[in-house]
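*Asks:* Could you work out the structure for the sequence below:
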Amino acid sequence: MEISGYTTAGGIGVEVSTSDVPETVLEEVVSTLGERRGGVLSSGMEYPGRYSRWHLAYIDPCLEIVARGRRISARALNARGKVVLPAVVTCLLAAGKPTGEPSDEHIEIYVAESEDLLPEEMRSRRPTVFTALREVIAAFRGDDEHLGLYGAFGYDLAFQFEPIRQVLTRPADQRDLVLHLPDRVMVIDRKRETSKEYRYEFTVDGVSTSGLARSGESVPLPSAPPEVPADPERGTYAEVVAAAKEKFVRGDLFEVVPGQVFHAPCTDPASFYRGLRHSNPAPFEFLFNLGEGEHLVGASPEMYVRVSGDRVETCPISGTIARGSTPVEDAEAIRTLLSSVKEESELTMCTDVDRNDKSRICVPGSVQVIGRRQIEMYSRLIHTVDHIEGRLRPEFDALDAFLTHMWAVTVTGAPKTWAMQFIEDHEATTRRWYGGAVGFVGFDGTMNTGLTLRTAQIRNGVAMVRAGATLLYDSDPEAEERETELKASALLGALAAVGVEEVPAVPGLPPAERPGEGMRVLLVDHEDSFVNTLADYFRQQGASVVTLRHGFPQTMIEEVAPDLVVLSPGPGWPSDFGAADLVAALYERRLPVFGVCLGLQAMVEQAGGELELLSAPEHGKRGLVRRLGDSALLAGLPEEFTAARYHSLHAKQAGVKGFTTSALTPDGAVMAIEDPVNRRFAVQFHPESILTAQGGAGAKVIANVLRLTRTAAAEVKGR
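*Replies:* Sure thing, here's the model as predicted:
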């Protein structure tokens, strides 16, 4: 254990004990946060230059600071907090007038609005509840990188700076700010590969916390949730989009980000947090027990404000598309996202507003876009992100950086004041924590905060999830409504999965279906580079596979005794492998056959058809395949789908006798043939390629072959 000490700028003595702890301490804190105050902050993403993996946790803080409107209070949460409270009382009284007589456990003040007209450059210094926070930070000022205030900042705090006409009724239990002063902090740093615990002792006016217990109030969780409110009716959000489009036409708004609220039961916030971290890792993952039976659980993708030294950073997110089910589909989605003029416009406006906010407090010329339209991928969504930095002018600090961005344009719109008024006029309920921030304000001048997005506010066993979409004049109401539902689905899915064990599914198929179970496949390898993947696709469907290189003795066919023979792709022509003799032998034995690429070409030649060279080879190219009519082989695939092409040869439709041609390319190349009666099927494309993975197309083709082979065999046996 290492012990060090210092005296803060306000004369508070601080002793720090540092020791190594096992990483399991994080899980211990998470389990405790169900019923006791505290918080966990973690980062589950690694983006070089932007995010790294770390975890921080605390339990039973000694003191809390709470704001409701312009009233801000400090409360000692245990005997240790009573020692510290007098220093905080002095800070609060310097910022406002007390609403009652302070006690040894509690003080509340009211910060009145200023009648002075301040220039916009000094906007962050207007008298607000942050004036009191600034006094507290100044009194505790020191070089410790972990000591500070942790918690949540609510959306309504912006109204202390912006002249918004309030329309919605504020609930009696709504708090606009809850910050904790922890005296025991656990930090796991993946980059430094350290796991440390920091314990703090404070001395105020000669009185020390040393020897006093670190304790806190415990509030039991509800055993069963009450009735869960109904979600919004479909079409309600689309009406808000239509109203916004009228504002765009008038020029009142450039963009706006209204949201809607969904609900779900949640009686176990800790399990929800664990599941969310697993299913939806994000740069800002958090679980806070804010007291009074209220929890915040979230996995936010967006930095709000981060300050280190004089450097201030933000990472506005705008531009969203749903993820695909495979990396290839993800790549197509990214291509679509980056090609969208609308999505680019959304992010451009957000970044221009963000740069404007920084220019208020940063050194002239220091505000720079250091990353433009960078891709960030989450469990269900892909976003485009800009990364912006500036250098604070000497007269400003981290709190100024925080306040000048209130709130991020990505959750409000532009112009901000008019957008926030639209939100107040059109959302059904107050935002509470949504659109605000969570994180850490350090007494050493640093700050690390994330926007309160993808967040559930949990009270009395009910989780409230709000999600919004960035609206522009060219927004489609139904599409924007679906985007809010998609954004909320990550949290709602994690809530629904609490206590449910995940069972992996075979891509492209219902989890329980494996049509190859009990079947034996002989795979003939024509010196192909993809044969093992092809074999794996059949094994995924439950079949056992024996692979033999071409030219094997035909007597081995009886030894293997296959239920299905697969003719693999390969280079050259079928005649290079003597394929005609093998195909004839298989047909003579009345064995089911499935040909892929060169395998199809061998079956076409066996049927008397002719092969031709393409005008240009198609190697590793994405091809459009059009299904013709009702095809048993291509059942479950759309009429048009994308597949991988690796061939120079092709067959013309008219030359394939005895088969039905069930798929073509737009230029007439045969892509699939089938003869269900004789159990003969073939495709020219590669079902095992990543380019055929969209919608599980390749897996479905393999499953169909096995299913058709099994069904036809049963029919033959029945006759």
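
*Asks:* gap between Thr348 and Lys82?
*Replies:* Noted for Thr348: a distance of 52 Å to Lys82, by C-beta to C-beta, to the nearest Å. Yep, even glycine has a C-beta here, placed from its N, CA and C like the rest.

*Asks:* The two: who's more crowded?
*Replies:* Legend: neighbour count by other C-beta atoms under 10 Å for Thr348 and Lys82, higher for Lys82 (19 against 16).

*Asks:* List the contacts of that one.
*Replies:* Neighbour list for Lys82: 76, 104-105 [criterion: C-beta atoms under 8 Å, 6 or more residues apart in numbering].

*Asks:* taking the residues you listed one by one, which sit in strands?
*Replies:* Using DSSP state E, Ala76 are the members of these that sit in strands.

*Asks:* Can you redo the contacts of Lys82 as JSON lines, where the extra columns are pLDDT and distance to Ser31?
*Replies:* Below are the contacts of Lys82 laid out as JSON lines (pLDDT from 0 to 100; distance: C-beta to C-beta, whole Å):
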{"residue": "Ala76", "pLDDT": "98", "distance to Ser31": "25"}
{"residue": "Asp104", "pLDDT": "93", "distance to Ser31": "32"}
{"residue": "Glu105", "pLDDT": "96", "distance to Ser31": "28"}
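
*Asks:* Show me where the stretch 101-250 of the chain dips below the pLDDT cut-off.
*Replies:* Residues of the stretch 101-250 of the chain meeting the criterion pLDDT under 70: none.

*Asks:* Now do the strands in it.
*Replies:* Listed in chain order, the strands of the stretch 101-250 of the chain (DSSP state E, counting those that start in this stretch) span 106-110, 148-153, 177-181, 184-189, 194-204, 207-208.

*Asks:* Those strands: which one's closest to Val701?
*Replies:* strand 184-189 (46.2 Å; C-beta to C-beta).

*Asks:* okay, the closest one in PDB with CA atoms only?
*Replies:* Listed next in PDB are the C-alpha coordinates belonging to strand 184-189 (Å, rounded to 0.1, in the frame of the first residue of the first chain):
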ATOM      1  CA  ARG A 184     -13.200   5.000  -2.200                       C
ATOM      2  CA  VAL A 185     -12.600   4.600  -5.900                       C
ATOM      3  CA  MET A 186     -11.700   1.400  -7.800                       C
ATOM      4  CA  VAL A 187     -10.000   1.900 -11.200                       C
ATOM      5  CA  ILE A 188      -9.200  -0.800 -13.800                       C
ATOM      6  CA  ASP A 189      -7.000   0.500 -16.600                       C
END
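
*Asks:* tell me the contacts of the spatially closest residue to Glu197 that is not a sequence neighbour?
*Replies:* Closest residue to Glu197 apart from its sequence neighbours, by C-beta to C-beta, 6 or more residues apart in numbering: Val21 at 4.4 Å. Val21 is in contact with 186, 195-197, counting by C-beta under 8 Å, 6+ apart.

*Asks:* next one: Glu217
*Replies:* 36-37, 77, 291.

*Asks:* Surely Ile458 touches Leu290?
*Replies:* No: applying C-beta atoms under 8 Å, one finds Ile458 not in contact with Leu290, separated by 9.9 Å.

*Asks:* These two: which is more packed in?
*Replies:* Ile458 (29 against 23).

*Asks:* Could you report the separation of the more buried one from Ser325?
*Replies:* 31 Å.

*Asks:* Likewise for Pro61?
*Replies:* 43 Å.

*Asks:* and if you look at Pro364?
*Replies:* Pro364 is 48 Å from Ser325, by C-beta to C-beta.

*Asks:* neighbour-wise, which of these two wins?
*Replies:* Ser325 (13 against 9).

*Asks:* residues in contact with the more buried one?
*Replies:* Contacts of Ser325 (C-beta under 8 Å, 6+ apart): 507, 693-696.

*Asks:* Redo these as CSV? Include distance to Val219.
*Replies:* Shown next, in CSV, are the contacts of Ser325 (distance: C-beta to C-beta, whole Å):
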residue, distance to Val219
Pro507, 44
Ala693, 49
Gln694, 49
Gly695, 48
Gly696, 47
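
*Asks:* re the thing from before, nearest to Trp433, out of the strands of the stretch 101-250 of the chain?
*Replies:* Comparing these by C-beta to C-beta, strand 148-153 comes nearest, at 5.5 Å.

*Asks:* okay, and for the stretch 351-500 of the chain, where does confidence drop off?
*Replies:* Scanning the stretch 351-500 of the chain with the threshold set as pLDDT under 70 gives 499-500.

*Asks:* the helices in it, which residues?
*Replies:* 398-404, 416-426, 477-496 (DSSP state H, counting those that start in this stretch).

*Asks:* Of the ones you listed, flag the one that's most buried.
*Replies:* helix 398-404 (a mean of 23; mean count of other C-beta atoms under 10 Å).

*Asks:* Against which helices or strands is that helix packed?
*Replies:* helix 129-139, strand 303-308, helix 341-359, strand 437-442, strand 447-451 (3 or more C-beta pairs under 8 Å, 6 or more residues apart in numbering; DSSP states H and E).

*Asks:* Am I right that Gly602 sits in a helix?
*Replies:* Careful, residue 602 is Ala and not Gly. Yes: according to DSSP: H, G, I helix; E, B strand; the rest coil, Ala602 belongs to a helix.

*Asks:* picking that back up, among the contacts of Lys82, which one is most surrounded by other residues?
*Replies:* Ala76 (22 neighbours).

*Asks:* Nearest residue to Pro163 in space, please, no chain neighbours.
*Replies:* In this structure, Pro163 finds its nearest non-sequential neighbour in Thr417, 7.0 Å apart by C-beta to C-beta, 6+ apart.

*Asks:* any idea how far Val261 is from that neighbour?
*Replies:* With distances taken as C-beta to C-beta, Thr417 is found 23 Å from Val261.

*Asks:* try Tyr150
*Replies:* Distance, Tyr150 to Val261, using C-beta to C-beta: 26 Å.

*Asks:* which one of those two has more residues nearby?
*Replies:* Set Tyr150 next to Val261 and count neighbours by other C-beta under 10 Å: Tyr150 wins out with 26 against 20.

*Asks:* now the lengthiest strand in the chain: mean pLDDT?
*Replies:* Assignment by DSSP E gives strand 611-627 as the longest strand of the chain. Across strand 611-627, pLDDT averages out at 91.

*Asks:* Just the buried residues of that strand, please?
*Replies:* 611, 618, 623, 625, 627 (16 or more other C-beta atoms under 10 Å).

*Asks:* Which residue is the nearest non-sequential neighbour of the first one?
*Replies:* If you skip the residues right next to it in sequence, Leu611 has Leu649 as its closest partner in space, 4.7 Å away by C-beta to C-beta, 6+ apart.

*Asks:* List the contacts of the nearest residue to Cys315 once chain neighbours are set aside.
*Replies:* Setting aside the residues directly before and after it, Cys315 is nearest to Met303 in space (C-beta to C-beta, 6+ apart), at 4.3 Å. Counting by C-beta under 8 Å, 6+ apart, Met303 makes contact with 50, 283-284, 313-315, 449-451.

*Asks:* ok now do the closest residue in space to Gln166 that isn't next to it in sequence, which residues does it touch?
*Replies:* Leaving aside its sequence neighbours, Gln166 sits nearest to Glu424 (C-beta to C-beta, 6+ apart; 6.5 Å). By C-beta under 8 Å, 6+ apart, the contact set of Glu424 is 164-168.

*Asks:* now Tyr47
*Replies:* Here Tyr47 is in contact with 283, 376 (C-beta under 8 Å, 6+ apart).
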